[in-house]
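Participant: Fold the following.
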Amino acid sequence: MTTNKRRRAWRRGWLAESLCVASLMCRGYRILARRQRSPVGEIDIVAQRGGILVIIEVKARQTEAQAAEAVTRRQQDRLVRAAQWYIASRPALAMLALRFDVMLVAPWKRPRHLTDAWRPGMG
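Facilitator: Here you go, the predicted structure:
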């Protein structure tokens, strides 16, 4: 991938995540982290709402269907490991319930928020 393509992809991803963050904040979520890196992978958005810690994967594609298809089982497993690392490094969060969500972003549409999109160990 060329440098310009990577730059555009990064910018597109950042804009999609920013749109999702704004949407989440309007609905009462507290954003704890964005693009949280760990030794096992990156979490797009970490948020909290009440007693729930929410790990959110953002997918931006030309259609919502394409975005939904882009969340693979392998990626889900990686996000579970990254969430475990995140919580282990912040023991105060261990008391919260954990949920994995996906936000789908397509041009000219509001982000679609899929809550409880999967659970660890379920396939």
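
Participant: Quick one: end-to-end length of stretch 104-113, please.
Facilitator: 7 Å (C-alpha to C-alpha, to the nearest Å).

Participant: buried residues in that stretch?
Facilitator: Buried residues in stretch 104-113, counted by 16 or more other C-beta atoms under 10 Å: 104, 105, 106, 111, 112, 113. Heads up, the C-betas are built off the backbone N, CA and C, glycines and all.

Participant: Now do the phi/psi pair for the third one.
Facilitator: The reference is to residue 106. Note on residue 106: backbone dihedrals following degrees, to the nearest 10 are phi -130, psi 150.

Participant: picking up where we left off before, okay if I get the buried residues of stretch 104-113 as a markdown table plus distance to residue 24 and secondary structure?
Facilitator: Below are the buried residues of stretch 104-113 laid out as a markdown table (distance: C-beta to C-beta, whole Å; DSSP: H, G, I helix; E, B strand; the rest coil):
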| residue | distance to residue 24 | secondary structure |
| --- | --- | --- |
| 104 | 14 | strand |
| 105 | 13 | strand |
| 106 | 17 | coil |
| 111 | 9 | coil |
| 112 | 13 | strand |
| 113 | 8 | strand |
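
Participant: of all the residues you listed, which two lie farthest apart?
Facilitator: Put simply, by C-beta to C-beta the two of the buried residues of stretch 104-113 set farthest apart are 106 and 113, 13.1 Å from each other.

Participant: What segments of this structure are helices?
Facilitator: Taking DSSP state H, the helices of the chain run over residues 3-26, 64-69, 73-88.

Participant: Go through those and name the closest to residue 42.
Facilitator: Across the helices of the chain, closest to residue 42 is helix 73-88 (C-beta to C-beta), at 6.8 Å.
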